[in-house]
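S.K.: let's see this in three dimensions:
(2 chains)
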Amino acid sequence: MITKAQENQPTSNSPDRVSPPRMNRRALVLGGGAAAAGLLTYPLLRRAIAKRGMAFIARGQSYNGPLEQTLRDGLLATGFEPAAIAGKRVLLKPNLVEPTRKSPQMTTHPAMVVAAAAVFRQWGAKVIVGEGPGHVRDTELALDESGMQEALDSERLEFADLNYEDVGWLENAGRASKLSGFWFPRSVIEADLIVSMPKIKTHHWVGFTASMKNLYGTIPGIKYGWPKNVLHHAGIPETVFDINASLPKAIAIVDGIVAMEGDGPIMGSAKPLGLVIVGTNPTAVDATVARLMGLAPERVPYLQLAANRLGPIEESFIAQRGEAVAGLVSPFKVIDRPHLRALQTDAGPRVS
Amino acid sequence: MSFVEEILDSLAGRLPCGYHAGGPASSEPTALAVMALSAQGRHLAAAKGIGWLAELQAADGSVGPTASQATPGWPTSLAVLAAQYAADSGGALPTTAKRFDIDRAVGWILQTRGEALPRTSEMGHDMTLVGWPWVENTHSWIEPTALHVLALKAVGRGDHPRAREAVRLMIDRLLPDGGCNYGNTVVMNQVLRPHLQPTGLTMLALAGETNADPRIAKSLNYLARELSPRTPAASLAYGLMGLAAHGWPQDSANSWLEAAYRRTIALGSSPHRLALIALAAMDAQSPLNVRNRHGQRATAAV
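M.R.: Have a look, this model is predicted:
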């Protein structure tokens, strides 16, 4: 047990706000056993997701369509090597920030998770689903309202409640914010591969949210609160970048079948797109998503930070697989605020 | 055997307990279980939980979320509620056990403040009001504020200026049509949605207040309207307790809680949810309904 006296206590001037552990190792021991046995210890897996700058786009998709085939095609097309994942732990991370049946466009559709689980299981992986909802403490409610519980039951999928697990410490590998590191749940640290499975949404503070911002949900509520206000105080773009830099074992499968526009990420309206975007580099995937939304990735602060550090955002450096971006761009309505207008590639639609 | 007795039997053998079966022992579910057990006279089992919370208590009086995580200190509120209730209900620790120091915990609570921020047109709530944060040196949010107000009321400090300002904060954070969420009301001119659990908890903390703000009645109406036999356990429990604390008992509460109990068992027997169900089954007598005890308690070490 770590007592209060053994911890480095934050002062009122501490940039961390949550106490880092006394020992700043790359990964803190979890319950006495070695943690972070994930990606970095598996060269084959590292190669599997190191093919930078590819994004696969599938159009005409629906939640009752052949999503499993789409995801398999997308992963293979963007360089994922199935052999690398055999016997490994895969964490599927949907976005269940504040689910309600009244707004299904807010959260990742369960059909996406079911399809992804089937693909990785066929490739021999041990699959679990995990999420730490950012706005609701009642995780049972989040699973119920999103329809995810039914999917978990039908597919016999294990769920990791990331808000309430044992936690371990990873140093901040990004250092855009002043946070020295992050507490992550055991399931995140022990995963060999994290699959960020966001819903495409506008975001009234940072423009849009996709696979990178979705990893906010890997941060545990018992350490950071509901909302995870420590991250807000440290800067949203900065901490989005830092969390992604600290979790290099992530890839992206994006739900753009029915997206959210307007006052996202919670109160926006449905925008049917019929798109699924897949890639092994979340930065490249999110830059592609931004273009599809009519936003300029180079103007999005967290993509600016990630550009050429975590992955490419320039269109010429992202190898497109499946459908081309051109012709699929469908400008999203954004709230009429200067910081959001500045992200639009032209005078796209706005809402007040 | 009633479902409540089944829950108490289960909790009695699991203290300290976690949010989920097999999860790390945690302060919040342990404190809730202590209250449920104490309320039914199971003092020996409750004492084990209090003793564990006392072991976690830091020199400054705070209690962290788990044995390995001494910060943040938001569970201190729940530890105070549990320790005070256990003492009031006649429970006592064996003399060899470490005592939970309520006075020291209250001292920590009173020196911990949410960060006030300048008012801005983008946010609908009064950001200058001070309650309690989840994490020290961040903004005040409604659930930790409600928990700490309940703790202060339980030890007879409900009239403290910090508690009074926190009550104003909670009312300020209620949505125009009633209910509340994690603590935002209007963002960029958009009214946000209410959630059941924080609304129920906030109604518990506001019970006994004389404020006539119509949003309180609207919040109770929201709970009464939205709770159902299908409502998940924690939201159902807090919702029912919030209603009961204001004299709005629900005729179907017991059957809804029993249904939630069956689902909780089927989903893996979360001790956290089981404790909440047991507490809610006590209606207005729930230990979390501190309105009847406001001003009657003296702090003590147990």
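S.K.: if I look at whatever residue of the stretch 51-200 of chain B ends up closest to chain A, how far off is B:R273?
M.R.: In the stretch 51-200 of chain B, the residue that lies nearest chain A is B:W134 (2.6 Å; CB to the nearest CB). Any C-beta I mention is one placed from the backbone N, CA and C, and that applies to glycine too. B:W134 is 20 Å from B:R273, where distance means CB to CB, to the nearest Å.
S.K.: now the longest helix belonging to chain A: mean pLDDT?
M.R.: With DSSP state H setting the assignment, residue counts place helix A:110-122 as the longest helix in chain A. Here helix A:110-122 scores 98 as its mean pLDDT.
S.K.: for the residue lying closest to A:E131 once chain neighbours are set aside, what is the enclosing helix or strand?
M.R.: Closest residue in space to A:E131, ignoring its immediate chain neighbours: A:L96 at 4.8 Å, by CB to CB, 6 or more residues apart in numbering or on different chains. Assigned by DSSP states H and E, A:L96 falls within no helix or strand.
S.K.: so what's A:D166 closest to, chain neighbours aside?
M.R.: Of all residues not flanking A:D166 in the chain, A:R186 sits nearest, at 4.5 Å (CB to CB, 6+ apart).
S.K.: likewise for A:K213?
M.R.: Using CB to CB, 6+ apart, the closest residue to A:K213 is A:V240 (5.3 Å).
S.K.: so what's the nearest residue to A:G221 once chain neighbours are set aside up against?
M.R.: Sequence neighbours aside, A:N163 is the residue nearest to A:G221 in space, at 3.6 Å (criterion: CB to CB, 6+ apart). Shown in contact with A:N163 (CB atoms under 8 Å, 6 or more residues apart in numbering or on different chains): A:132-133, A:137, A:139, A:185, A:220-222, A:226.
S.K.: which ones among these map onto helices?
M.R.: Among the contacts of A:N163, the ones falling in helices (DSSP H) are A:139, A:221-222.
S.K.: for those, which single residue is the most surrounded?
M.R.: A:I222 (28 neighbours; other CB atoms under 10 Å in any protein chain shown).
S.K.: identify the residue nearest that residue in space, chain neighbours excluded?
M.R.: Going by CB to CB, 6+ apart, A:I222 has B:P65 as its nearest residue, at 4.2 Å.
S.K.: please apply the same query to A:S62.
M.R.: Spatially, and ignoring its direct neighbours in sequence, A:S62 is nearest to A:I257 (6.3 Å; CB to CB, 6+ apart).
S.K.: does that neighbour count as helix, strand or coil?
M.R.: A:I257 carries the three-state label strand when classified by DSSP: H, G, I helix; E, B strand; the rest coil.
S.K.: now the helices: where do they sit in chain B?
M.R.: Remark: helices assigned in chain B by DSSP H are B:3-12, B:27-39, B:43-56, B:76-88, B:102-111, B:142-154, B:161-172, B:196-206, B:214-226, B:233-245, B:253-266, B:271-280.
S.K.: could these go into a markdown table alongside distance to A:M197, mean neighbour count and mean pLDDT?
M.R.: Below are the helices of chain B laid out as a markdown table (distance: least, CB to CB, whole Å; neighbours: other CB atoms under 10 Å in any protein chain shown; pLDDT from 0 to 100):
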| stretch | distance to A:M197 | mean neighbour count | mean pLDDT |
| --- | --- | --- | --- |
| helix B:3-12 | 35 | 19 | 97 |
| helix B:27-39 | 29 | 28 | 97 |
| helix B:43-56 | 36 | 22 | 95 |
| helix B:76-88 | 33 | 28 | 96 |
| helix B:102-111 | 40 | 19 | 98 |
| helix B:142-154 | 28 | 28 | 98 |
| helix B:161-172 | 35 | 19 | 98 |
| helix B:196-206 | 25 | 27 | 98 |
| helix B:214-226 | 29 | 18 | 98 |
| helix B:233-245 | 25 | 28 | 98 |
| helix B:253-266 | 26 | 19 | 98 |
| helix B:271-280 | 26 | 28 | 98 |
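S.K.: now render those as JSON lines, adding distance to A:K213.
M.R.: As requested, these are exported to JSON lines (distance: least, CB to CB, whole Å):
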{"stretch": "helix B:3-12", "distance to A:K213": "38"}
{"stretch": "helix B:27-39", "distance to A:K213": "28"}
{"stretch": "helix B:43-56", "distance to A:K213": "34"}
{"stretch": "helix B:76-88", "distance to A:K213": "31"}
{"stretch": "helix B:102-111", "distance to A:K213": "34"}
{"stretch": "helix B:142-154", "distance to A:K213": "23"}
{"stretch": "helix B:161-172", "distance to A:K213": "29"}
{"stretch": "helix B:196-206", "distance to A:K213": "23"}
{"stretch": "helix B:214-226", "distance to A:K213": "29"}
{"stretch": "helix B:233-245", "distance to A:K213": "26"}
{"stretch": "helix B:253-266", "distance to A:K213": "32"}
{"stretch": "helix B:271-280", "distance to A:K213": "28"}
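S.K.: can you redo those helices as JSON lines with distance to chain A?
M.R.: Output for these, formatted as JSON lines (distance: least, CB to the nearest CB, whole Å):
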{"stretch": "helix B:3-12", "distance to chain A": "16"}
{"stretch": "helix B:27-39", "distance to chain A": "8"}
{"stretch": "helix B:43-56", "distance to chain A": "8"}
{"stretch": "helix B:76-88", "distance to chain A": "12"}
{"stretch": "helix B:102-111", "distance to chain A": "11"}
{"stretch": "helix B:142-154", "distance to chain A": "7"}
{"stretch": "helix B:161-172", "distance to chain A": "15"}
{"stretch": "helix B:196-206", "distance to chain A": "5"}
{"stretch": "helix B:214-226", "distance to chain A": "11"}
{"stretch": "helix B:233-245", "distance to chain A": "4"}
{"stretch": "helix B:253-266", "distance to chain A": "8"}
{"stretch": "helix B:271-280", "distance to chain A": "7"}
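S.K.: so for stretch A:300-314, mean pLDDT?
M.R.: Stretch A:300-314 carries an average pLDDT of 96.
S.K.: just stretch A:218-231 next, same as before
M.R.: Stretch A:218-231 shows a mean pLDDT of 97.
S.K.: now do the same end-to-end measure for that stretch.
M.R.: For stretch A:218-231, the first-to-last residue distance is 12 Å (CA to CA, to the nearest Å).
S.K.: OK, contacts around A:D286?
M.R.: Shown in contact with A:D286 (CB under 8 Å, 6+ apart): A:210-212, A:252, A:297, A:303.
S.K.: which residue is the nearest non-sequential neighbour of it?
M.R.: Nearest one to A:D286, counting by CB to CB, 6+ apart, is A:A210 at 4.6 Å.
S.K.: tell me how far the one you found lies from A:D263.
M.R.: Distance, A:A210 to A:D263, by CB to CB: 17 Å.
S.K.: who has more neighbours, these two?
M.R.: Set A:A210 next to A:D263 and count neighbours by other CB under 10 Å: A:A210 wins out with 29 against 23.
S.K.: pretty sure that one sits against A:P198.
M.R.: Yes - with contacts counted by CB atoms under 8 Å, A:A210 reaches A:P198, the gap being 4.9 Å.
S.K.: need the contact list for the nearest residue to A:V136 once chain neighbours are set aside.
M.R.: Using CB to CB, 6+ apart and skipping residues adjacent in sequence, the residue nearest A:V136 is A:A142, 5.2 Å away. Neighbour list for A:A142: A:96, A:98-99, A:131, A:133, A:136, A:148 [criterion: CB under 8 Å, 6+ apart].
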